[in-house]
Structures are given as structure tokens and as C-alpha cells.
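Enquirer: Pasted the sequence and its predicted model underneath.
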Amino acid sequence: MNTSEKNKLFEKVEEYIALKYYSPVVEEMKDRPFDDFTGLSAPSVANSYNHRPMDMLAPAPRKSGRRLEEVVDNLSESFSKMVLRLIDEKGLKDSTVYKKAGIDRRVFSRLRKNDYQPSRNTAILLAMALNLSLDEAKDLLEKAGYSLSRSNKSDVIVMYFLEEGNHDIYALNETLDHFNERTLS
């Protein structure tokens with residue numbers, strides 16, 4: 001990616017963050033004296049931080065081309081089984097997936113044995129390597145006991161990449177680094 005493409009990507013991510021990211025207002029306000037809040041209503045506090053209270057309560061819309069039957073049929077599926085099923089459905093090779101995700105072959109063989117509990121970052125890297133949609137990635141992360149949060153800037157950046165169908169892990173890590181967030185690998 002050349003400098004112009006990087007800058008364009010960073011601008012788009014910046015816009016996405018501005019729309020989707022909800023920084024914890026409590027964290028921003030925790031060091032303020034109590035007197036600063038006297039007479040303020042909840043909407044005025046939220047508006048002063050450019051937040052729309054109702055939007056903060058509403059879940060992010062989930063788009064998916066999947067049928068309800070598919071989702072219901074796979075409710076009891078483990079993380080490992082879901083990864084292996086997705087590899088088969090997408091016609092990918094195990095080696096392609098674990099190399100793209102930057103996972104060691106021995107670790108992946110544990111996943112094959114169905115006794116693997118991934119780290120959060122590994123689960124995200126596998127979602128990227130499997131070219132998952134945002135909705136599919138959320139389901140995969142949930143199987144591992146994780147989620148993506150709109151109040152975590154690095155999660156919002158990951159959501160941007162998944163929503164845009166950009167599964168370039170190198171570009172994702174570069175973008176996370178640009179926004180002073182920890183990279184995934």
C-alpha cells in the first residue's frame with residue numbers, strides 16, 4: 001500500500017470511528033470535580049460529548065446474507081468446529097488460514113482436536129483469515145467467549161475492516177498502530 005492509499009484508508013477509518021465509537025464518558029469525566037455536574041441533565045452531558053443518548057443504547061445493526069436456519073443449526077457448535085466448518089464451506093486449506101492468521105501449525109492442530117481456547121486476538125486473526133463478514137466474525141468471537149465493543153477503539157477499527165470486507169491483516173495492524181492501538185500480532 002502506498003502512502004496515498006494509507007492516508008485514504010486512515011481518513012476513512014477516522015470517519016468510521018467518529019460515527020461508531022463511543023468513548024466511555026465516565027472515563028473522560030472521572031477526574032472532574034463533582035460541582036462541575038450540578039444542574040446538568042443526562043442528555044446535556046451526553047450532548048456535550050457529541051453523543052446521542054438513544055444511539056448509545058441501540059445495538060449496531062447486523063447485516064447478514066445468512067438464513068435463520070443456518071444460524072439456529074449452528075448454535076451449539078464450538079469455536080473449533082465453527083472454524084473448521086467455515087474453512088470447508090469457503091473451500092480454503094487449513095495451511096492457508098493458519099499462515100494468513102500468523103498461527104503456528106502446532107497451535108492449529110490443537111484446534112483440529114477441538115480442545116483449543118484461542119486468545120481474543122487469535123480469534124480476530126482467524127476471522128480475518130477466513131474472510132468473514134462482521135456478522136460472522138461476531139458469531140465466531142462469541143463462540144470463543146469474546147465480543148467486539150463500540151466503546152473500544154481497536155474493536156471499532158476491526159469492525160471497520162470486517163464491514164468493508166478488507167481482510168488484509170497487515171493493513172489492519174498498520175491502522176491500529178496509526179491510531180496508537182495495540183496490534184493483533
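Expert: Structure received. Residues are numbered from 1 along each chain as shown.
Enquirer: Could you use CA atoms for every contact and neighbour count after this?
Expert: Will do.
Enquirer: remind me which residues of the protein are low pLDDT?
Expert: For the chain, applying pLDDT under 70 flags the ranges 24-75.
Enquirer: Helices along that one, start to end?
Expert: Remark: helices assigned in the chain by DSSP state H are 3-20, 25-29, 42-48, 53-57, 68-73, 79-89, 94-101, 105-112, 120-129, 134-143, 153-164, 169-178.
Enquirer: just checking, residue 82 touches residue 139?
Expert: No: using C-alpha atoms under 8 Å, residue 82 makes no contact with residue 139, being 9.3 Å away.
Enquirer: Now for the residue lying closest to residue 90 once chain neighbours are set aside: which residues touch it?
Expert: Distances taken as C-alpha to C-alpha, 6 or more residues apart in numbering place residue 130 nearest to residue 90, at 7.9 Å, with adjacent residues excluded. Shown in contact with residue 130 (C-alpha atoms under 8 Å, 6 or more residues apart in numbering): 86-87, 90, 97.
Enquirer: what do you get for residue 165?
Expert: 131-133.
Enquirer: Tabulate the residues you listed in TSV, adding columns for distance to residue 123 and neighbour count.
Expert: Formatted as TSV, the contacts of residue 165 follow (distance: C-alpha to C-alpha, whole Å; neighbours: other C-alpha atoms under 10 Å):
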residue	distance to residue 123	neighbour count
131	13	20
132	12	22
133	14	23
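Enquirer: So which of those residues is the closest to residue 174?
Expert: Residue 174 has its nearest neighbour among the contacts of residue 165 in residue 131, at 18.2 Å by C-alpha to C-alpha.
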